[in-house]
Each structure stands twice: as structure tokens, then as C-alpha cells.
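S.K.: Give me the fold of what follows.
(2 chains)
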Amino acid sequence: MALNKQRSAAEVVAQLRSGMTIGIGGWGPRRKPMTLVRELLRSDVRDLTVVSYGGPEVGMLCAAGKVRKLVYGFVTMDAIPLEPYFRKAREAGQIEVMELDEGMFEWGLRAAGMRMSFLPTRVGLATDVLARNPQIKTITSPYDDGEVYVAMPALKLDAALLHVNDADRWGNTLITAHDPLFDNLFARAADACYVSCERLHDKLELDAATARFNLFERYLVRGVVHAPGGAHPTYNSPDYGWDMDHLKRYNASATEEGGWARYVADYVDVSEAQYQEKAGGLARITQLKPPVF
Amino acid sequence: MTQATLAELMIVAASECWRGDGEVLASGIGIVPRLGASLAKLTHTPELLMTDSETFLVSEPIPLGPRGDYQPRYEGYMSFDRVFECVWGGLRHAMIGPTQIDRWGQTNLSVVGGSYDKPKTAILGVRGLPGNSINHANSLFVPNHGPRVFVAGEVDMVSGVGYKPERWLPGMKQDYVDLRRIVTDLCVMDFGGPDHAIRVRSLHPGVSFEQVQAATGFPVLAAPDLHETLLPTDEQLAIIARLDPHRLRATVIKNDPPAIKAAA
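M.R.: Residues are numbered from 1 along each chain as shown, chains lettered A, B, ... in the order given. Down below sits the predicted model:
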């Protein structure tokens, strides 16, 4: 019997509930599952704990009042270093935060994927990360060294949202991006992982070299959404670059009277097809040049 | 007579931070640190490992900005996952520009002012500073040397660790903390004083020690061999020009002043 995990973005978001802990793959303005995020923005789901190497999706979810708590190491759009709506929410004291080192964050996801309660690390000692997160404890090595480590608690996710380059209806995925980032760990840390993809195949038939781009098993994948251009306006290596014009407009909206409401009217309270049309069309999106670093 | 800019002098001073490091990953984050690391690799420390500032290790530093038909010379791979592995193994020397630095070398990239729950200014977050600072060599870059950066007390959110004894409880391993130098628009400093106190090693041309002290929120020492920061050589300037064909370095310091201040 052939598996078919294909879902619409709306069907995926219908699986999410208020109060859930949701991990979002990617890193800053790179390979964010923006089609799914936009669908989440359109939904009634709220009071979320968002776990992310944060980019514009964090700002948008904050601006929409969806975020109760943010677990993060940074929120940035790289070329626009400061994410405007994250800043607003953070400076207004609107969100609870668990601020972590990037590597502690990774360790938390790994612990969750390994079904451990914590993993030890030296990272975080002697910083205010521990002072500001009193729930994070230290642990003493049981061996002769007696070293004291941070016991980085598992970051268990109710759901993870990822965007990948290729997928099939069985839930097999390929991340052909130059940097796969930590999406594999989000997939493992989550009770349910949903992926959107640039290209949906009935069944991937791969040569050995290409099969190495499969970074986590299909049994982790609950649903697959076909979403070409689905990372826009973020960078989806190697398929297309970020849309700096769009990110600049989004950034500018934060300083305009009614800016967020206007952004929502233009880019959220519309269908994904209308969104892409306003962004210049899918042909433009998929031809956005990759950034030069 | 050299026509070097202050930014170019700082690039050369930054490059000196990596001198003799051998085979470690040199991570210069930002225009001056990156050009400094690149200059180091192309001149005195060719063994350094370096990335294309995205994902790949390159055997030759790549120029900044749009690079026409220049083809990067890849020699390996350094995804973020690999960077963390490198960080935890300690074979890296990074240079970043934190928002605040205190007398103990603690750094902040998270929030400034107000309270932690309701900060006056939210910046990026602690990013990788806790992990970098406790695992490998770090140097710091400050394009605007002043008391808002070099704060009087502790930084507002200790993101990178330093040498403050009260922060280190029994059993916590401080051995890998290795703060090297601070390159600013006024001077080069290090942590060579008693108990790692910050010292001025060299003053940029036309800058006095008193000026540095006045711009620093805590007392600084003068290194015994305090000298003037070296001006870039013609060879160094030529390499910098090749690495930065769009002159992004001209945007680092307001009005892109010369290395030697014009006589008043």
C-alpha cells in the first residue's frame, strides 16, 4: 500500500493547537517554512512556545500576537541585523523568553531527539544565560575530574515545521541546500514533523550521491506540503536567494503607523497564490539570486 | 608617504591577532575582522583555515561583495553544525564586535538598558558568544571606542564569558577561556595585566593614552612596551584593495578618516 502524506498547508495548520511548542527549521533568513508560517498567521492558533534559530518568521508571529514564549539564540535577518517586530515585542516585555547559546539550543534539540532529559555541556557557564534561566541546572561529572557542566534540558517539540528542497508523498526528503542547518534535529525533537517542499515527487528514485541529501527518516514526517517558493522571502539554497526588497519593505513597515496591519492586508490575509503574485510571481521568486557573503 | 585609512590600519591590527595561530579556523565576523583574517592568511599565517562566510572552507580568502567571475577555491566544508563541532573542540580564533565589553572581558550582544524582561534595546540575542568564549581564542573589534561600549560595571547581559572570578564557581573549567586582543578605532588592547586586566598595547597615530582612558568606562593599564600602532605597508594595502574591491571598509568608520589624522 502506497503511503500518501501529502497535505495542504491548511490541513497541517489544522493539526496545531493553541499552547503548543512549535519548532521552526532554518536559520535567520535562511530556508524558513514561510508558506506554513503564513498559514499559521491566518489561523486562530495562539499562545505558542516558538523554538527557532530566529528569522523574520519570529517577528511575524510576535507581531501577530501568536507567541507566548520564545526559545532562541538570536533573531536576525542577517543583512538587516535587527528583526524589527521581535525587537518591539521584546522591548515591550510582550513575550516570555528562554535565551540560549546557539550550541545549547542544538544540544536541547539533540537531547529531545535522543529521548534524554538533558545533555551536558560547558557552554553557558559563567554567563547570564544561566542567571536568566534558573530552570537550567548544572551537574557535576561523576568521574574523577569532577567538572561542573550545564545540564542543557531537552527542547521537546509538539510539532516542527520545515522547508526542504525535495520530498515525496511517503515523507522522504532531500535538503540539497549548501548548509542543511539543524532541520534534522528539529524533525527528531518533535512529536509531529511537517515539511513543505519546493518539488513534490510521487516517490523519490535516487542515485547514491543524491541519497546522501536525505538527512532524516520518513517515519519522522507526518505531512508533506507542496509549496514551491515556500521559503520566500527567505533564502532557499540552492534554489533561490532571499528577497531583500521584500524584507526591506517588511522591516520598514515596523516603523510606519499601522504598518503591520498593512503588511497583513497585503501579504497574510490573502491566498498563497495571491501572495506570490504580489511578490512578483513564482517565476521571479525562484529566480532570486543567492546572496553573496 | 602612505595614504592608509583608519579602517585599513585597523584591518592590519586585526590581522596581527591571528599571527602564529597555525591551523585553526579563523572566523572574522564583519568587514574589518574578515579582512583582517584574510590578510593574516595571505601574509604571515597561511596555515589558517577560513570559510567563504557561508558554508565552505576555502584555500584562498574570497573578496567581499559581488565578485564577478571570481571562483572560490573550495578545500572543504564547514556547515553551522561543523562550526559548533569546531568551537567545542577549541581549534578556532574568532573576532566579533560585541555591543558591550566590561573590564573582565565579558561581552554582550543581547539586550541593553532597562530590565531583562523589558529591555530598552533588544539586539540579537547571546548568539554563539557563551560557547565561543568558553571554548576557544577570541579577539574583539570595536569601531566606536567609548564608554557605552566599554562599560563601567558589568555588561547588561553577560553573553560571552570573561575573567571575573565571582562568575566561576568551583568545578567550572575556565582553562579554555582565551581572550586575546581588542582592536578599536583608538588603540589595540590585550588582557595582559594582573589578573587579565585590560592593557593598551598600541595607540593609533595621533591618539593619546589619556584619550583612550577617557573613552573607557574602567581604568586601563599601559603595556610596558606601549607603542604606536603600525601603519599598513604598501603590500598590505594592495592585498586589502584586492580583497575589498567595492571598498566596503570605507563604511566602517564615520567619514572614513585617514590613519594619520590631518594636522589641525
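S.K.: which strands and helices sit next to the strand or helix carrying residue B:16?
M.R.: If you go by DSSP states H and E, residue B:16 is part of helix B:6-17. Where contact means 3 or more CB pairs under 8 Å, 6 or more residues apart in numbering or on different chains; DSSP states H and E, helix B:6-17 is packed against helix B:31-42, strand B:92-96, strand B:137-142, strand B:178-184, helix B:234-243. No exception for glycine: its C-beta is placed from N, CA and C like everyone else's.
S.K.: Which of these sits closest to residue A:68?
M.R.: Set against residue A:68 and scored by CB to CB, the helices and strands packed on helix B:6-17 come closest in strand B:92-96, at 31.3 Å.
S.K.: related to what we said a few turns ago, same list, the helices and strands packed on helix B:6-17, but as a markdown table with mean pLDDT and distance to residue A:115 please.
M.R.: Converted to a markdown table, the helices and strands packed on helix B:6-17 look like this (pLDDT from 0 to 100; distance: least, CB to CB, whole Å):
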| stretch | mean pLDDT | distance to residue A:115 |
| --- | --- | --- |
| helix B:31-42 | 98 | 40 |
| strand B:92-96 | 98 | 31 |
| strand B:137-142 | 98 | 35 |
| strand B:178-184 | 98 | 36 |
| helix B:234-243 | 98 | 48 |
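S.K.: Just give the number of residues close to the residue in the stretch 101-250 of chain A positioned nearest to chain B.
M.R.: Nearest to chain B in the stretch 101-250 of chain A, going by CB to the nearest CB, is residue A:148, at a distance of 3.4 Å. By the criterion of other CB atoms under 10 Å in any protein chain shown, residue A:148 has 19 neighbours.
S.K.: nearest residue to it other than its sequence neighbours?
M.R.: Of all residues not flanking residue A:148 in the chain, residue B:171 sits nearest, at 3.4 Å (CB to CB, 6 or more residues apart in numbering or on different chains).
S.K.: Now do the contacts for that neighbour.
M.R.: Residue B:171 makes contact with A:140, A:146-148 under the criterion CB atoms under 8 Å, 6 or more residues apart in numbering or on different chains.
S.K.: Could you list which of these belong to strands?
M.R.: Those of those mapping onto strands are A:140, A:148, per DSSP state E.
S.K.: filter the contacts of residue B:171 to the buried ones?
M.R.: The neighbour count (16 or more other CB atoms under 10 Å in any protein chain shown) marks residue A:148 as buried among those.
S.K.: pLDDT and distance to residue A:211 added to the contacts of residue B:171, as JSON lines?
M.R.: Compiled in JSON lines, these are given as follows (pLDDT from 0 to 100; distance: CB to CB, whole Å):
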{"residue": "A:140", "pLDDT": "98", "distance to residue A:211": "43"}
{"residue": "A:146", "pLDDT": "97", "distance to residue A:211": "45"}
{"residue": "A:147", "pLDDT": "98", "distance to residue A:211": "40"}
{"residue": "A:148", "pLDDT": "98", "distance to residue A:211": "43"}
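S.K.: The stretch 101-250 of chain B: strands as residue ranges?
M.R.: Under the criterion DSSP state E, counting those that start in this stretch, strands of the stretch 101-250 of chain B are mapped to B:107-108, B:111-114, B:119-122, B:137-142, B:178-184, B:187-190, B:199-203, B:221-228.
S.K.: Chain A is nearest to which of the ones you listed?
M.R.: The nearest among the strands of the stretch 101-250 of chain B, by CB to the nearest CB, is strand B:119-122 at 3.8 Å.
S.K.: buried stuff in that closest one?
M.R.: For strand B:119-122, by 16+ other CB under 10 Å, it's B:119, B:122.
S.K.: So which residues make contact with it?
M.R.: Identification of contacts with strand B:119-122 by CB under 8 Å, 6+ apart yields A:82, A:86-87, A:90-91, B:110-114, B:156.
S.K.: who wins for neighbours among those residues?
M.R.: Going by other CB under 10 Å, residue B:110 tops these with 32 neighbours.
S.K.: Just give the closest residue to that one, not the sequence neighbours.
M.R.: residue B:157 (4.0 Å).
S.K.: Also residue A:237?
M.R.: Leaving aside its chain neighbours, residue A:237 sits nearest to residue A:177 (4.0 Å; criterion: CB to CB, 6+ apart).
S.K.: okay, residue A:2: pLDDT?
M.R.: With respect to pLDDT, residue A:2 scores 79.
S.K.: Near chain B, which residues of the stretch 101-250 of chain A are found?
M.R.: Taking CB under 8 Å from any CB of the partner chain as the contact definition, the stretch 101-250 of chain A meets chain B at A:101-104, A:106, A:121-129, A:131-132, A:140, A:146-148, A:178-182.
S.K.: Buried only: go through those residues for me.
M.R.: Among these, those scoring as buried are A:101-104, A:106, A:121-129, A:132, A:148, A:178-182 (criterion: 16+ other CB under 10 Å).
S.K.: Would you mind measuring from the residue of the stretch 101-250 of chain A closest to chain B to residue A:100?
M.R.: Look at residue A:148 and residue A:100: by CB to CB, to the nearest Å, they are 18 Å apart.
S.K.: give me phi/psi at residue 46?
M.R.: I'll assume chain A. Main-chain torsions, residue A:46, degrees, to the nearest 10: phi -150, psi -170.
S.K.: which ones are touching residue B:186?
M.R.: Residue B:186 is in contact with B:145, B:203-204, B:207, B:211-212, B:215, counting by CB under 8 Å, 6+ apart.
S.K.: Can you show me the helices along the stretch 51-200 of chain B?
M.R.: Using DSSP state H, counting those that start in this stretch, the helices of the stretch 51-200 of chain B run over residues B:80-89, B:129-135.
S.K.: do the stretch 151-293 of chain A as well
M.R.: Using DSSP H, counting those that start in this stretch, the helices of the stretch 151-293 of chain A run over residues A:183-189, A:208-211, A:244-253, A:259-267, A:272-278, A:282-285.
S.K.: Show me which positions of the fourth one end up buried.
M.R.: Meaning helix A:259-267. Buried positions in helix A:259-267, judged by neighbour count with 16+ other CB under 10 Å: A:259-260, A:263-264, A:266-267.
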